[in-house]
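Asks: Need coordinates for the following:
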Amino acid sequence: MKFLTNIAPAQTLTMVAFVMTFGLPSTAEAQPERVLVPSGSFHSVMPEVKGEPIAVNSFYMDITAVTNEQFAEFVAENKQWQRSEVPAIFANKDYLAHWPGSSPDIESLGGNRPVTHVSWFAANAYCQWVGGRLPTLNEWEYSAQLMDFESQQEARQFTARLMSWYSNVDTKNSAAVGSTGIETIHGVKDQFGLIMEWVQDFKPPVADNLSLDCGTVGRMQRLGNTYSYAASIRYITRMSYIPTSTTATMGFRCAYDATQKMETENPAQ
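Replies: Got it, this is the predicted structure:
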């Protein structure tokens, strides 16, 4: 049974640009594996024209979130993004607060765990460093809905798991990327159950009219299922942030235009 997937002709997406000078990766290992997410459409919890789902062009997305090890490589080659060097206009005081120093012991930190305590600016800079960008809000949410379940029972079990995770996110014991067992039909992992993730346009135009409360979450659940509950929580939480925000629950992954040549694309695709 397919879960909330609606394939439709795509429309052009607008990309938000952010520029800061930094070098390119010196090794291929710095670039994570990625997969192609084909074009399609989805229904959002946000207001939309009745009967017209949101169209999304095809794009590439990282299979997993960016890790501490990968971000440490970026910081090592771009010292302006070290905790002691980053300007306050690009990150608040908790930037990389979980790292003991500018050159942390990655093994003890958990090199394969998702990097958190990174601002929107820092996430943008990293993605540009590897030749990509942050996914748009619609790209991220569209990809997250592309899941299959063998039965209604399996779908209900997934629903219960989502409810539990969003109700009690553990910020002190993050697991390794790829460890949740949650994967879309195109191979994107951990969009649920690991961390929240930055997107380019994390504050939609209606954000000023919304607040972080249960009533707003309830009004946003237009799809009538637990996926809409999870999406509502993500939208509302992101809306409470500013670009310099850094928290233990927020990390990121990168996206890439489908026109780019993906030399590190997952060979299984």
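
Asks: Low-confidence ranges, the stretch 51-200 of the chain, go.
Replies: Scanning the stretch 51-200 of the chain for pLDDT under 70 picks out the ranges 51, 101-104, 170-173.

Asks: For it, which segments count as helices?
Replies: Counting by DSSP state H, counting those that start in this stretch, the stretch 51-200 of the chain has these helices, from start to end: 68-77, 106-109, 120-129, 137-145, 152-167.

Asks: which other helices and strands contact the third one?
Replies: Under the contact criterion of 3 or more Cβ pairs under 8 Å, 6 or more residues apart in numbering; DSSP states H and E, helix 120-129 touches helix 68-77. In this view, the C-beta of every residue, glycine as well, is placed from N, C-alpha and C.

Asks: and the helix it packs on, what other elements does it pack with?
Replies: Partner elements for helix 68-77 (3+ Cβ pairs under 8 Å, 6+ apart): helix 106-109, helix 120-129.

Asks: pull the CA atoms of the first one into PDB?
Replies: Meaning helix 106-109. Output of helix 106-109 as PDB, limited to C-alpha atoms (Å, rounded to 0.1, in the frame of the first residue of the first chain):
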ATOM      1  CA  ILE A 106      35.200  12.600  16.500                       C
ATOM      2  CA  GLU A 107      35.300   9.100  17.700                       C
ATOM      3  CA  SER A 108      34.100  10.000  21.200                       C
ATOM      4  CA  LEU A 109      31.700  12.500  19.800                       C
END
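
Asks: buried ones in it?
Replies: 106, 109 (16 or more other Cβ atoms under 10 Å).

Asks: repeat for stretch 158-169
Replies: Neighbour-count burial for stretch 158-169 flags 158-159, 161-162, 165-166 (criterion: 16+ other Cβ under 10 Å).

Asks: dump the residue contacts of the spatially most central residue of the chain.
Replies: Closest residue to the average C-alpha location of the chain: Glu197 at 3.4 Å, with Cα atoms, centre = their mean. Going by Cβ atoms under 8 Å, 6 or more residues apart in numbering, Glu197 touches 65, 140, 191, 250-253.

Asks: rerun that using 7 Å as the cut-off
Replies: When contacts are counted by Cβ atoms under 7 Å, 6 or more residues apart in numbering, Glu197 touches 65, 140, 251-253.

Asks: Mind listing the residues bridging to it?
Replies: Gly251 (DSSP bridges).

Asks: Could you check how far it is from Ser41?
Replies: For Glu197, the distance to Ser41 equals 21 Å [Cβ to Cβ, to the nearest Å].

Asks: Asn124 now?
Replies: Per Cβ to Cβ, Asn124 is found 26 Å from Ser41.

Asks: of these two, who's got more company?
Replies: Each of Asn124 and Ser41 has its neighbours counted (other Cβ atoms under 10 Å); Asn124 has more, 25 against 19.

Asks: Surely that one and Leu134 touch.
Replies: Yes. The pair Asn124 and Leu134 passes the contact test of Cβ atoms under 7 Å, sitting 5.8 Å apart.

Asks: quick one on the thing from earlier: neighbour count and distance to Lys79 for the contacts of Glu197 - can I get that in CSV?
Replies: Below are these laid out as CSV (neighbours: other Cβ atoms under 10 Å; distance: Cβ to Cβ, whole Å):
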residue, neighbour count, distance to Lys79
Ala65, 24, 23
Trp140, 24, 30
Gly251, 26, 21
Phe252, 28, 20
Arg253, 29, 24
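
Asks: could those go into JSON lines alongside distance to Phe90?
Replies: Output for these, formatted as JSON lines (distance: Cβ to Cβ, whole Å):
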{"residue": "Ala65", "distance to Phe90": "20"}
{"residue": "Trp140", "distance to Phe90": "22"}
{"residue": "Gly251", "distance to Phe90": "17"}
{"residue": "Phe252", "distance to Phe90": "15"}
{"residue": "Arg253", "distance to Phe90": "20"}
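
Asks: List just the nearest of those residues to Trp99.
Replies: Comparing the contacts of Glu197 against Trp99 with Cβ to Cβ places Gly251 closest, at 13.3 Å.

Asks: Contacts only, for that closest one.
Replies: Counted by Cβ under 7 Å, 6+ apart, Gly251 has contacts 65-66, 114-116, 118, 195, 197.

Asks: Counting neighbours, which of those residues comes out on top?
Replies: Val115 (30 neighbours).
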